[in-house]
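Novice: fold the following and give me the result.
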Amino acid sequence: MKVNFYTRPGCPLCEEGLLTLKLLHSDVQFEIDIINIEENEALHEKYMLMIPVVEVKGEIIQYGNLDYVTLYEALQA
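Specialist: Just a heads-up that it's a prediction; the model follows:
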């Protein structure tokens, strides 16, 4: 399974969210694709107020303050 993680440099909430995803990775098998929204104008406009954003198969699973339980349940489904 591939998880898209939308982020940007210098975002403390994104760094915390990535740590949560990495912790989750030990319990659920998935690949993390880290996407810098500042490299794409459309993504920047879409996600700039939401980051970090976790997306799987085109569906946003969670954004902003990420929590382990919500992500775990979504990735188990």
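Novice: check what pLDDT residue 26 gets.
Specialist: On pLDDT, residue 26 comes in at 88.
Novice: now swap in residue 7 and tell me
Specialist: Value for residue 7, per-residue pLDDT: 97.
Novice: my guess is it contacts residue 13. True?
Specialist: No. Using C-beta atoms under 8 Å as the test, residue 7 is too far from residue 13 to be in contact (9.1 Å). Backbone N, C-alpha and C define where each C-beta goes, glycine included.
Novice: of those two, which one has the most company?
Specialist: Taking other C-beta atoms under 10 Å, residue 7 and residue 13 do not tie; residue 7 has more neighbours (20 against 14).
Novice: residues in contact with that one?
Specialist: 14, 17-18, 34-37, 51-52 (C-beta atoms under 8 Å, 6 or more residues apart in numbering).
Novice: apart from its neighbours in sequence, what residue is nearest it?
Specialist: residue 14 (4.0 Å; C-beta to C-beta, 6 or more residues apart in numbering).
Novice: the one you found contacts residue 8, doesn't it?
Specialist: Yes. Counting by C-beta under 8 Å, residue 14 does reach residue 8; the two are 6.7 Å apart.
Novice: list the residues that contact both of these two?
Specialist: In contact with both residue 14 and residue 8: residue 51, using C-beta under 8 Å, 6+ apart.
Novice: select only the buried ones of the contacts of residue 7 in PyMOL?
Specialist: Command for PyMOL, covering only those of the contacts of residue 7 found buried under the criterion 16 or more other C-beta atoms under 10 Å:
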select buried, resi 14+17+18+35+37+51+52
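Novice: just the contacts of residue 7: which are in helices?
Specialist: Using DSSP state H, the subset of the contacts of residue 7 located in helices is 14, 17-18.
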